[in-house]
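A.B. asks: coords please:
(2 chains)
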Amino acid sequence: DSGVTQTPKHLITATGQRVTLRCSPRSGDLSVYWYQQSLDQGLQFLIHYYNGEERAKGNILERFSAQQFPDLHSELNLSSLELGDSALYFCASSVAFSGGYNEQFFGPGTRLTVL
Amino acid sequence: AQSVTQLGSHVSVSEGALVLLRCNYSSSVPPYLFWYVQYPNQGLQLLLKYTSAATLVKGINGFEAEFKKSETSFHLTKPSAHMSDAAEYFCAVESNTGNQFYFGTGTSLTVIP
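C.D. replies: From the prediction side, this is the model:
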């Protein structure tokens, strides 16, 4: 158990819908990273938040957004869902983002299926 | 920008044989490099990391990796494969700012009894 929790574990929805994925980082970790893992794209970095502020954006679609709340949990919002959005979504947390000490702890993931 | 390349999307070894998973990095400055393992239906777990303290890095479960600047490589090895080592392995590099990570495409390790 990494100490990172993600809910829900599974999510099945229809095209055009909107969903929210939730991540609670390890106690004391200020950084949260979101990743999308699919068979054809591999593990893609989406976005990074540190202590409530957005620090970096990766291959995140405009239909996707995220935020980190004062209690440091984070939510990833996916809207106007398409079949191609079906994937595993991971969040990871780390204590900071300084080089070399940025060990990421991954949650178990949320499996999103868009029908 | 940094990147990593994992050579071989699938590797099969016999139980007890040497495991060698290849990773080459592209970075203009000394990078921070990581190896992660993903077991089926689980998240990624850190195996080891290179932070410039030592070129030979020992990790969990008997794995180690050697940083070779001249070859821009950070290959993962284990002297003797166990059945429990069957999993997906990812090499990753941290960006200079520390704000994001770049993962390789992964290598699926199969251990043959």
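
A.B. asks: from here on, just use CA atoms for contacts and neighbour counts.
C.D. replies: OK.

A.B. asks: strands of chain B, residue ranges please.
C.D. replies: Listed in chain order, the strands of chain B (DSSP state E) span B:3-7, B:10-14, B:19-26, B:33-38, B:44-50, B:56-58, B:64-68, B:73-78, B:87-94, B:101-103, B:107-112.

A.B. asks: give the rounded mean pLDDT of the fourth one.
C.D. replies: Along strand B:33-38, the predicted local confidence has a mean pLDDT of 94.

A.B. asks: apart from its neighbours in sequence, what residue is nearest the residue of chain B found nearest chain A?
C.D. replies: For chain B and chain A, the shortest gap (Cα to the nearest Cα) falls at residue B:43, measuring 4.5 Å. Leaving aside its sequence neighbours, residue B:43 sits nearest to residue A:108 (Cα to Cα, 6 or more residues apart in numbering or on different chains; 4.5 Å).

A.B. asks: so what pLDDT did the residue of chain B closest to chain A get?
C.D. replies: For residue B:43, pLDDT reads 89.

A.B. asks: ditto for residue B:79
C.D. replies: 97.

A.B. asks: tell me if I'm right that it and residue B:18 touch.
C.D. replies: Yes: assessed by Cα atoms under 8 Å, residue B:79 is found in contact with residue B:18 at 4.6 Å.

A.B. asks: show me what residue of chain A gets nearest to chain B.
C.D. replies: residue A:108 (4.5 Å).

A.B. asks: which residues sit in contact with that residue?
C.D. replies: By Cα atoms under 8 Å, 6 or more residues apart in numbering or on different chains, the residues touching residue A:108 are A:4-6, A:9, A:90, B:41-43.

A.B. asks: tell me the bridge partners for residue 10.
C.D. replies: In the absence of a named chain, this looks at chain A. Beta bridges link residue A:10 to residue A:111 when assigned by DSSP bridges.

A.B. asks: chain B is the one I meant
C.D. replies: residue B:108.
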